[in-house]
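*Asks:* Below is the sequence, then the predicted model.
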Amino acid sequence: MRKKIVAGNWKMNKNCDEAEELVVQLVVGLKNLDHNTDEIVLCPPALFLQDVTLKISNSSKMYSSSQNCHTHESGAYTGEISAKMIKSVGATYTLVGHSERRMYNHESDEMLATKVNTALANGLKVIFCCGESLDIRNSGNHVSFVTTQLQNSLFHLSDSDFKNIVIAYEPIWAIGTGVTASTEQAQEMHAEIRKFLASKYGQAIADDTSILYGGSCNPKNAKELFSQTDVDGGLIGGASLVASDFISIIQSF
Ligand code: PGA
């Protein structure tokens, strides 16, 4: 059975005190709360990853994630963070391929394939982000664009490695814009992604892979999005910065 996952991508937000306040609010708010989400994943800025990981360590269903990791395990890469370091502070996941990193840091599909390898080799699970721009959506080529991203960065993986991958479909035109993909648009793409995964890894692995939706997901639209057959949760940006909003999204299954 694939897991229902709600992940909060804090991006470059919060200072040290604010990050602590948010994680404490979440831990307290989620304690003894009835919900059907299998995994809650917090992706704080790397600077706060260790503290956040420690603070959630006694909470059930809560995991932490880095927002990025480097292609190399160590070396002369000033300012970078390796999968080994992320693993060593107790994090479970790393995001790979977020559209903001693809855009601002010129991360190619090939580079992302290397990041995925390094993350998995160091015992991290990967939330792999994919998604098309508005131009590509309008041209009608969105499905082939996204499946090509998946093919280029993930399809070299063995079946057993692929089981450590979660997919996050995030249409770029919906990220931080307040424009959400309609439930039909989300379901269509998620179903296409699952079909594509099945063509490579077989139906059983495809059915077991969690595919999250990301892009202006909020407490108002989460329930409808999460009710779609192939939507297994969300990667939440803005709405993950406010504990009550994030908790309400967690309760949307
Ligand atoms: P958003 O961001 O929810 O603020 O649109 C989602 C993301 O980029 O992961």
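*Replies:* Looks like it came in fine. Residues are numbered from 1 along each chain as shown.
*Asks:* contacting residues for Asp109?
*Replies:* When contacts are counted by C-beta atoms under 8 Å, 6 or more residues apart in numbering, Asp109 is found next to 148-149, 152-153. Placement of C-beta: from N, CA and C, glycine included.
*Asks:* again but with Asn218, I slipped
*Replies:* Asn218 neighbours (C-beta under 8 Å, 6+ apart): 180, 238-239, 245, 249.
*Asks:* same check, this time on Ser108
*Replies:* Neighbour list for Ser108: Arg102 [criterion: C-beta under 8 Å, 6+ apart].
*Asks:* If we use 10 Å, what do you get?
*Replies:* If you count contacts by C-beta atoms under 10 Å, 6 or more residues apart in numbering, Ser108 has them with 97, 102, 114, 152-153.
*Asks:* What subset of those is buried?
*Replies:* Buried members of these, counted by 16 or more other C-beta atoms under 10 Å: 97, 102, 153.
*Asks:* Hmm, the first one is touching Glu107, no?
*Replies:* This means Gly97. Yes: contact status for Gly97 versus Glu107: in contact at 6.7 Å, counting by C-beta atoms under 10 Å.
*Asks:* what's the overlap in contacts for these two?
*Replies:* Common neighbours of Gly97 and Glu107 (C-beta under 10 Å, 6+ apart) are 68, 115, 153.
*Asks:* restrict the residues you listed to those near the ligand?
*Replies:* When these are checked against the ligand using C-beta under 6 Å from any ligand atom, none falls in range.
*Asks:* Could I get those residues in CSV, plus columns for pLDDT and secondary structure?
*Replies:* Converted to CSV, the shared contacts of Gly97 and Glu107 look like this (pLDDT from 0 to 100; DSSP: H, G, I helix; E, B strand; the rest coil):
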residue, pLDDT, secondary structure
Asn68, 98, coil
Lys115, 98, helix
Ser153, 98, helix
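*Asks:* Of those, just say which sits nearest to the ligand.
*Replies:* Nearest to the ligand among the shared contacts of Gly97 and Glu107: Asn68, at 12.4 Å, using C-beta to the nearest ligand atom.
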